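> Pasting a predicted model and its sequence here:
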Amino acid sequence: MKGLLTTTILLVSLLGYNDATDAAGEPQKVSLEFFVMSHCPGAVVIDSMLFQERTDFNQDARFCERFFNPIVQQLAPILNVSMHYIGGEKNGQFECMHGPTECMDNRMQLCAREQTEKWWDFVIEQDGGASTATSNDWNTTALRECAISQRGAQLLSESFRYTESKGVKKSCTMFIQGKLFCVHDGTWKKCKTHDEKKIVQYLCSHYTGESKPAACTQPIIVSQ
């Protein structure tokens, strides 16, 4: 029994958690994770649930999303992008720093990632009003229903626990390949780089596939 356990541990260590290929032998996409609070005193935004004007949008989260949007669009084929949220649970209730509406918007964004390939566009555009938030690329009614459902609650609970497991406290924090890459908390902090072209090069360098987007060799970035 001891020998079997030792062999199993050895195999796991040889295979590695960050193997460069997936189960089908295809090159793994590069993990790009954002950890955010979706609301904070600052700019004006359209409530993703009610399409009403608010003044509590997180400038750091918004900055990260807009800054990285051109990068995500250009490198989409080789990226696995995800959003995680900063908050907690107490006595069976979700706690978000900026109130229950923040928690609900988090749930809607998590549902969008599960329901549509265009979820990133939803996150980017949800502050643009009903004309963009009701795009044909996603079913807004289905997203609302998911957000208020047990599934929406489960997704947020899992997101909070994952963020806590990473020790993330600041919005917006970015991880690449499971490791801290940069923080934007009013300004850039703890960054390997915040130069757009260098970020593209960094992401491309972690992709082992032969077929890379054109931006990997000739990046053209326009900040938004």
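Done, it's in.

> Please report the number of neighbouring residues for the residue found closest to His206 once you drop the neighbours it is linked to in the chain.
Nearest residue to His206, sequence neighbours excluded (CB to CB, 6 or more residues apart in numbering): Val30, at 4.6 Å. All C-beta atoms are positioned from the backbone trio N, CA, C, and that covers glycine. Using other CB atoms under 10 Å, Val30 has 20 other residues around it.

> Can you classify Thr32 as helix, strand or coil?
Small correction: residue 32 is Leu, not Thr. When classified by DSSP: H, G, I helix; E, B strand; the rest coil, Leu32 comes out as strand.

> list the contacts for the residue lying closest to it once chain neighbours are set aside?
In space, and not counting its chain neighbours, Leu32 is closest to Val81: 4.9 Å by CB to CB, 6+ apart. The contact partners of Val81, by CB atoms under 8 Å, 6 or more residues apart in numbering, come to Leu32, Glu33, Phe34, Val72, Trp120.

> returning to what we had before: surely the residue nearest to His206 touches Ile176?
Yes: Val30 lies in contact with Ile176 (CB atoms under 8 Å); the separation is 6.9 Å.

> Now for the two: what residues contact both?
Both Val30 and Ile176 are contacted by Leu203, His206, under the criterion CB under 8 Å, 6+ apart.

> Sketch out the strands for the chain, chain order is fine.
Ranges of strands within the chain are 30-36, 39-46, 53-57, 79-85, 88-90, 93-95, 173-176, 179-184, 188-189, based on DSSP state E.
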